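**Q** next input, structure requested:
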Amino acid sequence: MLGRGNGAQHAIVMIGTGHGLNPDDSASAAAGTYASVFTSSCICTFTALWVVLLIAVDGIRENTWFLIAVGGIGSLYTAIASAAPRKPKNFGIPLTYCKLCFSSDKVMIALIEAEIYQAGLGRSMLEPFFSF
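**A** Residues are numbered from 1 along each chain as shown. Model prediction:
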(Lines give C-alpha, C1' and ligand atoms only; values in the text may rest on other atoms or scores of the structure.)
Protein backbone atom coordinates (compact mmCIF):
# COMPACT_ATOMS: atom_id res chain seq x y z
CA MET A 1 0.00 0.00 0.00
CA LEU A 2 1.27 3.46 -0.88
CA GLY A 3 0.02 6.35 1.19
CA ARG A 4 1.13 9.29 3.26
CA GLY A 5 0.70 7.46 6.54
CA ASN A 6 -1.58 8.21 9.47
CA GLY A 7 -4.27 10.71 8.55
CA ALA A 8 -3.99 10.20 4.78
CA GLN A 9 -7.17 10.37 2.76
CA HIS A 10 -5.94 8.32 -0.19
CA ALA A 11 -4.01 5.09 -0.62
CA ILE A 12 -2.85 3.06 -3.61
CA VAL A 13 -2.77 -0.70 -3.19
CA MET A 14 -0.64 -3.08 -5.23
CA ILE A 15 -1.78 -6.69 -5.02
CA GLY A 16 0.78 -9.34 -5.94
CA THR A 17 0.04 -11.74 -8.76
CA GLY A 18 2.47 -14.44 -7.73
CA HIS A 19 5.29 -13.16 -9.93
CA GLY A 20 6.91 -11.35 -7.02
CA LEU A 21 8.55 -7.94 -7.04
CA ASN A 22 12.30 -7.72 -6.70
CA PRO A 23 13.58 -4.28 -5.59
CA ASP A 24 16.80 -4.91 -7.51
CA ASP A 25 14.80 -4.91 -10.75
CA SER A 26 14.35 -1.17 -10.52
CA ALA A 27 18.09 -0.66 -10.10
CA SER A 28 19.37 -2.77 -13.01
CA ALA A 29 18.30 -4.19 -16.32
CA ALA A 30 16.85 -7.68 -16.47
CA ALA A 31 19.42 -10.41 -17.03
CA GLY A 32 20.02 -11.22 -20.68
CA THR A 33 18.52 -8.01 -22.05
CA TYR A 34 20.54 -5.66 -24.18
CA ALA A 35 19.87 -2.30 -25.78
CA SER A 36 18.57 -2.43 -29.33
CA VAL A 37 20.89 -1.72 -32.25
CA PHE A 38 19.15 1.62 -32.78
CA THR A 39 19.67 2.65 -29.15
CA SER A 40 23.31 1.59 -29.16
CA SER A 41 24.02 3.43 -32.41
CA CYS A 42 22.30 6.60 -31.12
CA ILE A 43 24.35 6.52 -27.90
CA CYS A 44 27.61 6.09 -29.84
CA THR A 45 26.68 8.86 -32.29
CA PHE A 46 25.69 11.30 -29.53
CA THR A 47 28.88 10.52 -27.60
CA ALA A 48 31.07 11.17 -30.65
CA LEU A 49 29.21 14.39 -31.46
CA TRP A 50 29.56 15.62 -27.84
CA VAL A 51 33.32 15.00 -27.91
CA VAL A 52 33.68 16.82 -31.25
CA LEU A 53 31.56 19.72 -29.99
CA LEU A 54 33.51 20.04 -26.74
CA ILE A 55 36.86 19.99 -28.56
CA ALA A 56 35.61 22.59 -31.04
CA VAL A 57 34.30 24.86 -28.30
CA ASP A 58 37.49 24.51 -26.24
CA GLY A 59 39.61 25.88 -29.08
CA ILE A 60 37.48 28.98 -29.62
CA ARG A 61 38.90 32.24 -28.28
CA GLU A 62 36.15 34.47 -29.66
CA ASN A 63 32.41 34.00 -29.44
CA THR A 64 32.67 32.05 -26.22
CA TRP A 65 28.90 32.01 -25.99
CA PHE A 66 29.20 28.59 -27.60
CA LEU A 67 30.02 27.32 -24.11
CA ILE A 68 26.57 28.41 -22.99
CA ALA A 69 25.11 26.64 -26.03
CA VAL A 70 26.90 23.41 -25.14
CA GLY A 71 25.66 23.61 -21.54
CA GLY A 72 22.13 24.40 -22.72
CA ILE A 73 22.05 21.51 -25.17
CA GLY A 74 23.34 19.17 -22.47
CA SER A 75 20.74 20.35 -19.98
CA LEU A 76 17.97 20.03 -22.56
CA TYR A 77 19.07 16.50 -23.47
CA THR A 78 19.18 15.49 -19.80
CA ALA A 79 15.73 16.95 -19.14
CA ILE A 80 14.20 15.14 -22.12
CA ALA A 81 15.88 11.82 -21.33
CA SER A 82 14.91 11.89 -17.66
CA ALA A 83 11.31 12.96 -18.33
CA ALA A 84 10.66 10.33 -21.01
CA PRO A 85 7.65 8.21 -20.03
CA ARG A 86 8.44 4.63 -19.07
CA LYS A 87 6.13 1.78 -18.23
CA PRO A 88 6.65 -0.33 -15.08
CA LYS A 89 7.49 -3.37 -17.22
CA ASN A 90 10.58 -1.48 -18.46
CA PHE A 91 11.85 -1.72 -14.88
CA GLY A 92 11.04 -5.42 -14.56
CA ILE A 93 7.83 -4.86 -12.59
CA PRO A 94 4.80 -6.27 -14.41
CA LEU A 95 1.68 -4.38 -13.30
CA THR A 96 -1.91 -4.74 -14.36
CA TYR A 97 -3.94 -1.65 -13.64
CA CYS A 98 -7.35 -2.05 -12.04
CA LYS A 99 -9.12 1.20 -11.32
CA LEU A 100 -11.25 0.50 -8.27
CA CYS A 101 -12.16 3.09 -5.71
CA PHE A 102 -13.50 2.39 -2.25
CA SER A 103 -14.88 5.62 -0.90
CA SER A 104 -16.77 6.59 2.22
CA ASP A 105 -17.01 9.38 4.77
CA LYS A 106 -15.73 6.89 7.36
CA VAL A 107 -12.40 5.14 6.83
CA MET A 108 -13.55 1.91 8.48
CA ILE A 109 -16.45 1.51 6.03
CA ALA A 110 -14.07 1.92 3.07
CA LEU A 111 -11.71 -0.66 4.62
CA ILE A 112 -14.59 -3.11 5.07
CA GLU A 113 -15.52 -2.65 1.39
CA ALA A 114 -11.89 -3.35 0.44
CA GLU A 115 -11.90 -6.44 2.67
CA ILE A 116 -15.06 -7.72 0.96
CA TYR A 117 -13.42 -7.20 -2.45
CA GLN A 118 -10.19 -9.00 -1.50
CA ALA A 119 -9.67 -10.94 1.71
CA GLY A 120 -6.85 -9.42 3.77
CA LEU A 121 -6.76 -6.12 1.87
CA GLY A 122 -8.67 -4.05 4.42
CA ARG A 123 -6.81 -5.65 7.31
CA SER A 124 -3.42 -4.81 5.79
CA MET A 125 -4.47 -1.16 5.62
CA LEU A 126 -5.54 -0.83 9.27
CA GLU A 127 -2.15 0.17 10.66
CA PRO A 128 -1.46 3.07 8.24
CA PHE A 129 -4.90 4.57 8.87
CA PHE A 130 -5.18 3.81 12.59
CA SER A 131 -2.16 4.08 14.88
CA PHE A 132 -2.12 1.32 17.46
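**Q** only C-alpha atoms for contact and neighbour calcs from this point on.
**A** Will do.
**Q** give me the below-cutoff pLDDT ranges for the chain.
**A** 1-12, 14-33, 92-93, 131-132 (pLDDT under 70).
**Q** which SSE is immediately downstream of the longest helix belonging to it?
**A** If you go by DSSP state H, the chain has its longest helix at helix 37-58. Counting by DSSP states H and E, the next helix or strand C-terminal to helix 37-58 is helix 66-83.
**Q** ok, residues contacting that following helix?
**A** Residues outside helix 66-83 that contact it (C-alpha atoms under 8 Å, 6 or more residues apart in numbering) are 53-54, 57.
**Q** okay, now residue 91: neighbour count?
**A** Residue 91: 16 surrounding residues under other C-alpha atoms under 10 Å.
**Q** again but with residue 114, I slipped
**A** Count around residue 114 with other C-alpha under 10 Å applied: 20.
**Q** what's the helix or strand for it?
**A** helix 107-117.
**Q** on that earlier part again, neighbour count and distance to residue 121 added to the contacts of helix 66-83, as CSV?
**A** CSV is the format used below for the contacts of helix 66-83 (neighbours: other C-alpha atoms under 10 Å; distance: C-alpha to C-alpha, whole Å):
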residue, neighbour count, distance to residue 121
53, 14, 56
54, 14, 56
57, 18, 60
